[in-house]
Every structure is written in C-alpha cells, then in structure tokens.
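K.L.:
sequence? don't have it. structure:
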C-alpha cells in the first residue's frame, strides 16, 4: 500500500504532465472501443441484411449446379414438389429449424399500359418471407418503415412488390395493374394479371431498376410449375448454422445437392469483415503506439527531473528493482486512470448516439437507417487490461537507466 501511496503522490506532484498522459490514454481507449462498437454494428448489419433483409435465411438447399447454371433449361434444376415435401418433412423434425421456405427465381417482362419492362426477382409465400424479414433488427429506419404501400398476404394472391427504381421508370404507383409475361419451363409464353401493392427499396442500382417480388403461387402459375429453385431455412439460433449444414449434407449427398450456410453466399460480409479486421488492427496498433510513446515521454521526463530523488532513495537503501517497481506503479496508475476515463467517454458516446438516433444509408440497403455504437464487454475489458499493461511496461526502460546510475552521480545531478 505504501508503494501505491508514494506513486500516487508523485503523480500529483507532476499534475500537468500526468493529466496530459491520462488524456492520451483515455482518448486512445475511447477511440479503440468506439471503432470496435461501430465495426460490430456494421458486421451485424451486413449479416442481418444477408440473412433477414434479403430473405436468404441461415442455410440454403439447391440442386447441384443450379446456382451457376445460366442456360435455357433451368427447369431441369428445379426442386420438385415431392422433393420439396421431403425436405420440409426432414426440416420439421429438427427443432433447431424454425422455418423452411421455398423460393422460385423469376424473370420476364412486365407490361404497364403498353409500356414493357424487363424484370427479375424472387417468389416466396408472403407469410414465410415476412417471418424471415421480421427478424431483422440492425437495419431499421427511424420511423420503422420498410416499404410503401400495403401488406402482401395469402388474401392478395395477385399482388406484387416492385423496386422503387422500376416504379419510377415505368410510372407505376400503388394499385397499378400490370401484366407479367414469361416463358414457362415447357417453352410456352404465359401471361398473368397482377397488381402493385408495395414499392420497396433494394441495395443496388441494378436491382432497383428491375426487382419484383411475387407470391410463390402466382409465380408457379406464371411458370407452369409446382417446383422451387431452392429451399431457405431460418434457424432458432445462428450458432446452430454449421451443425444444421452438417445434418443436411449427411441427408442430401453432395453429388446431387448443394447445402450452403449464410456466410458462404454472403461475399459482401466476408469482404467487409476482412477489411474492417485489417483497419481495426492498424488503428489499435497506431493508438497503442501513441499512448505508449506518450507514457514513455512522461516517465522519461519524470526520471530526469527526479534524478536526485532517485539518488536519495538509493542512498537510503532502496535497491534498483525498487526504483523500477516504483515507476512501474506510477505508470500503471496513469494507465488505469486513463483507461477508466476512456471507459466513461466510450459509454457516454454510445448513450449519446443511442439517444440522438443518427441515420445513414449503408451499402446493404437503399433507405436511411439508424446507426449505433455497441458496447462490447469483452473489448472494453481486454483493451482496459492491455493499456494498463502497456503503460506499466513503458516505464521499465527509463527507470532501469536511472536505477543503474551511481548514487554519487545521481545526487550530484543538475
């Protein structure tokens, strides 16, 4: 306790320099954790966009080669009604799977008052699509809205949703009647009437000018089929993804099927995570270096100014390790006080952002959403401990130099 008391008194004697160093540690700590909190929010947003916002689910099941096929006989890669029923039965027996939803890829021509336009998109049972979409929590606009118009349900079998860019280009509005045309898998051209009930935002410009969502039954009528392109599964917990994938791969052999976890069909997530991992590592290294150099400067100046004091302590019997120990404690106190101050700043910034609810338009969605700084206990604790350790170690080199001086030279310094 005497060591800590002496170290604390020494910090008070050099208050100006101590405050400067504490500020450097505090701002460094806050910068690291604010960036970590925003980075975690970014990862969660992109993950939520891929799994829920784009209704991809946690796991997808396709016929072998279906995703890469671009020829005219795509019907050969459809999952038949019987196969779909078998898949749903298998999934229903697994308590980790909340939902099995069939998806049919669609493309064709949309005609509005004689004006044609090409479209592509997807078809699902509306209630199943909404069940997946409703799980998204990271990509919410300030007012909570996700589309303009009315709900699409089983009570509106001829309703469709279109992208905002497509609606603008063709002059479509809510309740506009259109004709959808596409070649069936039998080679015949089919046409069906539909009504626009929703105008939605989509992430990219190409999709924004072409995207259409159809109820699954309507799309199957258009294509004259009972099959689906793939089956998407929503899980109770994302942590079960790999285990569920392994279960499906055991049941559905790789020779005929592809079982894909969400992180494999999410190229954007993987690229963004790698980029931010590098950025965060560089920022952490830079800030740690700045903080360590600041502490080195503070302790180095303190050692020079207190050379006579060190000589007196040595003359009174304090050994070299004792001098190093004293300065290490002083440095550790600087790190502790600075990190604690940084913790207060970090929490304050996170709470302020949460209260203000600022919005931005990230690359994963076309509408403005509320962004946040997430508080991560593991990061907060680990950076706290690391900064205290680094600041403690920063005092060793200058303290050793001072401790090795001859006592007579130290007493005669300056």
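P.N.:
Alright, I've got the coordinates. This one's a predicted model, so the numbers in the text were calculated from it and none came from an experiment. Residues are numbered from 1 along each chain as shown.
K.L.:
which strand in this protein runs the most residues?
P.N.:
strand 97-112 (DSSP state E).
K.L.:
any buried residues in it, and which?
P.N.:
97-106, 108, 110, 112 (16 or more other CB atoms under 10 Å). (C-beta placed from N, C-alpha, C; glycine too.)
K.L.:
now do stretch 257-273
P.N.:
Neighbour-count burial for stretch 257-273 [16+ other CB under 10 Å]: 257, 258, 259, 260, 261, 262, 263, 265, 266, 269, 272, 273.
K.L.:
what's the first-to-last distance across that stretch?
P.N.:
28 Å (CA to CA, to the nearest Å).
K.L.:
next: stretch 361-371.
P.N.:
One end of stretch 361-371 sits 9 Å from the other (CA to CA).
K.L.:
quick check: chain neighbours aside, which residue is closest to the residue nearest the centre of the chain?
P.N.:
The chain has residue 43 as the residue nearest its centroid, 0.9 Å off, counting by CA atoms, centre = their mean. Nearest non-adjacent residue to residue 43, counting by CB to CB, 6 or more residues apart in numbering: residue 273, 6.0 Å away.
K.L.:
is the one you found located within a strand, as I assumed?
P.N.:
No. Counting by DSSP: H, G, I helix; E, B strand; the rest coil, residue 273 falls outside a strand, being helix.
K.L.:
tell me which residues in the helix or strand containing residue 82 are buried?
P.N.:
Per DSSP states H and E: residue 82 is located in helix 81-92. For helix 81-92, a neighbour-count test (16+ other CB under 10 Å) marks 83, 84, 87, 88, 90, 91 as buried.
K.L.:
now the third one: how far from residue 115?
P.N.:
According to CB to CB, to the nearest Å, residue 87 and residue 115 sit 40 Å apart.
K.L.:
quick one, what contacts residue 338?
P.N.:
With contacts defined as CB atoms under 8 Å, 6 or more residues apart in numbering, residue 338 is in contact with 21, 22, 23, 24, 25, 26, 28, 29, 291, 387, 391.
K.L.:
ranking those by neighbours, who comes first?
P.N.:
Compared across the contacts of residue 338, residue 391 has the highest neighbour count, 32 neighbours, by other CB atoms under 10 Å.
K.L.:
and what about residue 226, helix, strand or coil?
P.N.:
Assigned with three-state DSSP, residue 226 falls in the coil class.
K.L.:
who's in contact with it?
P.N.:
80, 81, 220.
K.L.:
same thing but 7 Å
P.N.:
By CB atoms under 7 Å, 6 or more residues apart in numbering, the residues touching residue 226 are 81, 220.
K.L.:
for residue 337, same thing?
P.N.:
With contact taken as CB under 7 Å, 6+ apart, residue 337 is in contact with residue 22.
K.L.:
quick one: it from residue 388, how far?
P.N.:
Applying CB to CB to residue 337 and residue 388 gives a distance of 10 Å.
K.L.:
then residue 52?
P.N.:
In this view, residue 52 and residue 388 are 40 Å apart by CB to CB.
K.L.:
residue 197 too?
P.N.:
59 Å.
K.L.:
go on, residue 119?
P.N.:
59 Å.
K.L.:
contact partners of stretch 125-138?
P.N.:
44-45, 48, 52-53, 55, 57, 99, 101, 152-154, 215-216, 234.
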